[in-house]
Structure formats: structure tokens, C-alpha cells
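> Predicted model and sequence follow; I will ask about them next.
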Amino acid sequence: MAAPRPPPARLSGVMVPAPIQDLEALRALTALFKEQRNRETAPRTIFQRVLDILKKSSHAVELACRDPSRVEHLASSLQLITECFRCLRNACIECSVNQNSIRNLDTIGVAVDLILLFRELRVEQESLLTAFRCGLQFLGNVASRNEDSQSIVWVHAFPELFLSCLNHPDKKIVAYSSMILFTSLNSERMKELEENLNIAIDVIEAHQKHPESEWPFLIITDHFLKSPELVKAMYAKMSNQERVTLLDLIIAKIVGDEPLTKDDVPVFLSHAELIASTFVDQCKVVLRLTSEQQADDEEALATIRLLDVLCEMTANTDLLGYLQVFPGLLERVIDLLRLIHVAGRDTTNVFSTCGCIKAEGDVSNVAEGFKSHLIRLIGILTQWVVYAVRNLTEDNSQNQDLIAKMEEQGLADASLLKKMGFEVEKRGDKLILKSTNDTPPL
């Protein structure tokens, strides 16, 4: 008994029957390749036949790109293209032999060219989106755990495919193209991203729009944050909203379940330099929030998030030591705290009603914890002073000798104590902590 004839495909109201023989054969292969044993025994000639069908169907898409009126007649070709991609996608699952055979036929180049044509069609039929998605899934599978295939995918896909797909309105296309980028990236290719910052920034935007998608998140945390040069170049070019997103991910990496490794520390020292220097240069923009007209200032919100990152970085001993001696950081934080205190006292604004600030875009939450974070950072950066105060109030000659030696060796910065309204006076063999009578108001 003959197999039932499938119904004709529908696209834009036009009924067009698909080539039944090829379509049924492809569907049968797609089903067979779900089994590992069938993937492992597949002859190379099968993939040549699939590629021939794909090329023939691609020609119809090329014609439609030149003549938009032909789009209405693409239904049968799109069916075949979709099933070709599904078949190839399944054949590549955990099978390096098939990955190599398919790659050596130059199927990757044909697939990338076809996917780029899909963007030129400028139509939103579900059948086109399905073919688009399946094509990206194939590229992801053919490159999975196969360095040779990853190299070929990168050669054909970078940068045009990523520029076309990472900002696509369809979230599955964004996710699949992110998967390909994540799979293909290595330390050498990261340097190419530095010359194509729009792609890196598109990944940040993809995470903003689709925070539930793991691939943009993994690209940023596992690749981008390992390249201080890329992060610095990105930060200079991003919008303030994008900066907040990046800073949030830096915080997530620092406070994650896995502590920073020995290899992570030098990289995050470079991140600390960028964040601390940016905060020192720009922190006073936070004062714009005292004005009702500037209450949602995005640059100010990004600067607030810089402070959050600095506070989290101090939990790491290496980063703390670096920040404690960072030029101008402590002085600027103390100065900003004083200015905010005055602004909150003299006028009614976000700093008068609440003691804390968080950069989450909602102005009603903006004044939550900023002052406390400033105080926290001051306390952490000057934590030796806290110990000194305790020791100086106790009759402990050994500890007093230690503090005295720190001062003599230049390890204790007396100017910091003065900014807090105190000074140390040496009387004989003892150190005395006393007020300067001009304690700055907080």
C-alpha cells in the first residue's frame, strides 16, 4: 500500500505541493538518525544526496530574494530545506564521523549562505522561521566538540551571521546563534571580537532581552569576562543600560557558588582597575539624582552599579589589596558621601528619604543602600584603622608596637584618619587616638 500523500504546504494563501519522494525520504532519515547506531553506520553518500536537495531548494530562495513576488511560491522549497537541516542536525549528534563527512562536503558553507538569504527575504512566515531555526541548530550540532568544524563554521559565519541573528526578533534564533558563537569561540577568536564590538554588544543586548536563555549568559561569563581588553573596549562603546547589565554579570561571577580561581584573579584585577578608575572619574554624576528632572538618569544608575561591584570585589583578598591602594578611590568615596549627606539634608530628594541605592532602573528603588555602600566601602578600604582603634583603646603594648611600625614603614596612611576626624599622637612609647575636633558630618 502506498504511503498517504501529505497535504500541500500553505504559504501566503498559495497551495503548492512539495516534492513527495524527496520529502518522505528526508523525514525517514531524520527519524532514523535519532538512534545512535543508525548515525554511526550512515554512508557518506547519504549526506551528498541531502546536500544536493539542499542546494536545489536554496536556488528557489535565491530567486525569491531577487524577485519578491516569488516568495509566495517557496512553500515546497522551505519544506525540503527544513527537513534537510533536521536530517543533518540529527546525524551530527555525538557523531564526529558524520560531522567530518558533512563538513568535508562543504555543507557548512551552503548552510550559512542560505541562512543569510533568509534574512534578506524580510518575511515572517512560520515556515521560514522554522527553516531558519533548524539551519542554526544544524550549525550548532556540526560544530559541537569538533574543533575542525568549529573552525569552518567560524570562517563562514563570522561576522555576518552573528550580526544578522543575535538581534533577531525571534528568541529561538537568538538562542541558537548564541549557541554557535559560544561553541566556536576560543582565545584567538576573541581577538577578532575586539575588532567587531557590535557582535559583543549584541550578546549583552540578547542577555538583556532574554535573561532566561543560558547561551548569551555563558558567552559573557565564560568568554568575555576572561578578556579584560574586550571588556574595556565594550564598556567604552556600550549604552548605560548595557553597562549595568555587564556589571550585574561581573557581580554574579564574583558572588557565584564557585570562587574566583587563581587564573581568574589577574583578569579581575584588570576589571577592578577599569571599574575603580571609572568610578573615580564619574561618581559625582550620582548627584544628578537630587534633581527631579534627572531622577532616572541612566549614567548615574550605571555609576551606582560600579559602587556595587567595588563592594563585592572587596570580598576577595587580592582584589581588596589592590583597591585599598588605588589612587584617589578612598578620597573620592569619602568626598561623595559628604556631598550626598549635604544634598539630602538641604533639599528633599531621593537621598533624604532612604539610605540605600540600587541601579535597577526604578526610581522608587534608586535611593536604597547607596549611602550604606559608600560607608561599607570606606570601612573595608580603611579596615586596618578599625583594628587600630580597638588596639589603641586597650592596654596592649605588643599591638601598639605593631601599629607604630606600620606607621613608620609607611603602611598606615594618617591622612585617612584625618578625613574621618581623628589623628594619632605618639606620647613616649604609646600611641594615642584623639579627635581633631573637625569630624566631617555624615
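Nice, I can see it. Everything numeric in this text was worked out from a predicted model, so none of it was measured.
> Leaving out chain neighbours, which residue sits closest to Glu40?
Counting by Cβ to Cβ, 6 or more residues apart in numbering, Glu40 lies nearest to Cys95, which is 6.3 Å off, once chain neighbours are set aside. Heads up, the C-betas are built off the backbone N, CA and C, glycines and all.
> ok, that neighbour to His156 distance?
Cys95 is 21 Å from His156, where distance means Cβ to Cβ, to the nearest Å.
> quick one: low-confidence ranges for this structure?
1-20, 122-124, 292-296, 352-368, 384-442 (pLDDT under 70).
> Recalculate using a threshold of 50.
1-18, 354-364, 388-393, 409-412, 439-442 (pLDDT under 50).
> Would you point out which residue is most central in the chain?
Ile220 (3.3 Å; Cα atoms, centre = their mean).
> Would you agree it falls within a helix?
Yes - using DSSP: H, G, I helix; E, B strand; the rest coil, the assignment for Ile220 is a helix.
> Can you report phi and psi for the residue lying closest to it once chain neighbours are set aside?
Closest residue in space to Ile220, ignoring its immediate chain neighbours: Leu249 at 5.2 Å, by Cβ to Cβ, 6+ apart. According to degrees, to the nearest 10, the main-chain angles of Leu249 amount to phi -70, psi -30.
> With Ser184 as the reference, measure out to Leu249.
21 Å.
> So between these two, which is more surrounded?
Neighbour count, other Cβ atoms under 10 Å: between Leu249 and Ser184, Ser184 has more, with 22 against 18.
> tally of neighbours for Glu40?
11.
> Could you do Leu114 as well?
With other Cβ under 10 Å as criterion, Leu114 counts 21.
> measure it to His341 for me?
62 Å.
> now do Arg89
61 Å.
> isn't Phe118 right up against Ala131?
Yes - counting by Cβ atoms under 8 Å, Phe118 touches Ala131, with 6.9 Å between them.
> Those two: which is more packed in?
Neighbour count, other Cβ under 10 Å: between Phe118 and Ala131, Ala131 has more, with 27 against 23.
> For the more buried one, give me its contacts.
Leu78, Ile81, Thr82, Phe85, Phe118 (Cβ atoms under 8 Å, 6 or more residues apart in numbering).
> Now do the same contact list for the residue nearest to Thr290 when sequence neighbours are not counted.
Nearest residue to Thr290 in three dimensions, chain neighbours excluded: Asn349, at 4.2 Å (Cβ to Cβ, 6+ apart). By Cβ under 8 Å, 6+ apart, Asn349 lies in contact with Leu289, Thr290, Ser291, Glu292, Ala343.
> and if you look at Ile201?
Counted by Cβ under 8 Å, 6+ apart, Ile201 has contacts Met234, Lys237, Met238, Glu242.
> Filter the residues you listed down to just the ones in strands.
Using DSSP state E, no member of the contacts of Ile201 sits in strands.
> before we move on, the earlier item: need the max-distance pair from the contacts of Asn349.
Glu292 and Ala343 (13.1 Å; Cβ to Cβ).
> Spell out which residues make up each domain of the chain.
1-146, 158-238, 240-381, 384-435 (automatic domain parsing).
> With distance to Ile152 added, can I get these in JSON lines?
Conversion of the domains of the chain to JSON lines gives the following (distance: least, Cβ to Cβ, whole Å):
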{"stretch": "domain 1-146", "distance to Ile152": "5"}
{"stretch": "domain 158-238", "distance to Ile152": "10"}
{"stretch": "domain 240-381", "distance to Ile152": "29"}
{"stretch": "domain 384-435", "distance to Ile152": "56"}
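> give me every residue that touches Thr130.
Leu78, Thr82.
> Can I take it that it is in a strand?
No - using three-state DSSP, the assignment for Thr130 is helix, not a strand.
> For the remainder of this discussion, apply numbering that starts at 521.
Sure thing, new numbering starts at 521, so read that last one as Thr650.
> Kindly provide the distance from it to Leu598.
8 Å.
> got it, and Glu734?
Look at Glu734 and Leu598: by Cβ to Cβ, they are 29 Å apart.
> the more surrounded of these two?
Remark: of Glu734 and Leu598, Leu598 carries more neighbours, 26 against 14, as counted by other Cβ under 10 Å.
> Please tell me how far that one sits from Lys692.
Using Cβ to Cβ, Leu598 is found at 16 Å from Lys692.
> which secondary structure elements does the helix or strand hosting Asp828 contact?
Remark: Asp828 resides in helix 818-833, with elements defined by DSSP states H and E. The elements that helix 818-833 packs onto, with contact taken as 3 or more Cβ pairs under 8 Å, 6 or more residues apart in numbering; DSSP states H and E, are helix 760-774, helix 784-802, helix 837-844, helix 890-901.
> try 10 Å this time
Counting contacts by 3 or more Cβ pairs under 10 Å, 6 or more residues apart in numbering; DSSP states H and E, helix 818-833 is packed against helix 760-774, helix 784-802, helix 837-844, helix 849-866, helix 890-901.
> is it true that Gly889 touches Phe871?
No - using Cβ atoms under 10 Å, Gly889 makes no contact with Phe871, being 11.5 Å away.
> how about Leu843, what does it touch?
789, 792-793, 795-796, 830-831, 833-834, 836, 849-850, 897, 900-901 (Cβ atoms under 10 Å, 6 or more residues apart in numbering).
> Please apply the same query to Ser733.
Contacts of Ser733 by Cβ under 10 Å, 6+ apart are Lys691, Lys692, Val694, Ala695, Tyr696, Ser698, Met699, Ala726, His727.
> Kindly recompute the last result at 7 Å.
Val694, Ala695, Ser698 (Cβ atoms under 7 Å, 6 or more residues apart in numbering).
> Glu762 too?
By Cβ under 7 Å, 6+ apart, the residues touching Glu762 are Ile721, Ile724, Glu725.
> Next one: Ile724 from Leu686, what distance?
Taken as Cβ to Cβ, the span from Ile724 to Leu686 is 10 Å.
> again with Tyr842
34 Å.
> Who has more neighbours out of these two?
Taking other Cβ under 10 Å, Tyr842 and Leu686 do not tie; Leu686 has more neighbours (23 against 18).
> Please identify the helix or strand for the nearest residue to the more buried one once chain neighbours are set aside.
Excluding the flanking residues, the one nearest Leu686 by Cβ to Cβ, 6+ apart is Asp722, at 3.9 Å. Per DSSP H and E, Asp722 falls inside helix 717-729.
> so how far is that helix from its chain's centroid?
Helix 717-729 sits 7 Å away from the centroid of its parent chain (Cα atoms, centre = their mean, to the nearest Å).
> Same check on stretch 710-719?
Centroid separation between stretch 710-719 and its chain, computed with Cα atoms, centre = their mean, is 14 Å.
> Out of the contacts of Ile721, who's the most crowded?
Taking other Cβ under 10 Å as the neighbour criterion, Met754 ranks highest of the contacts of Ile721 with 22 neighbours.
> count of neighbours near the closest residue to that one other than its chain neighbours?
In space, and not counting its chain neighbours, Met754 is closest to Ala720: 5.3 Å by Cβ to Cβ, 6+ apart. Neighbour count of Ala720, defined by other Cβ under 10 Å: 26.
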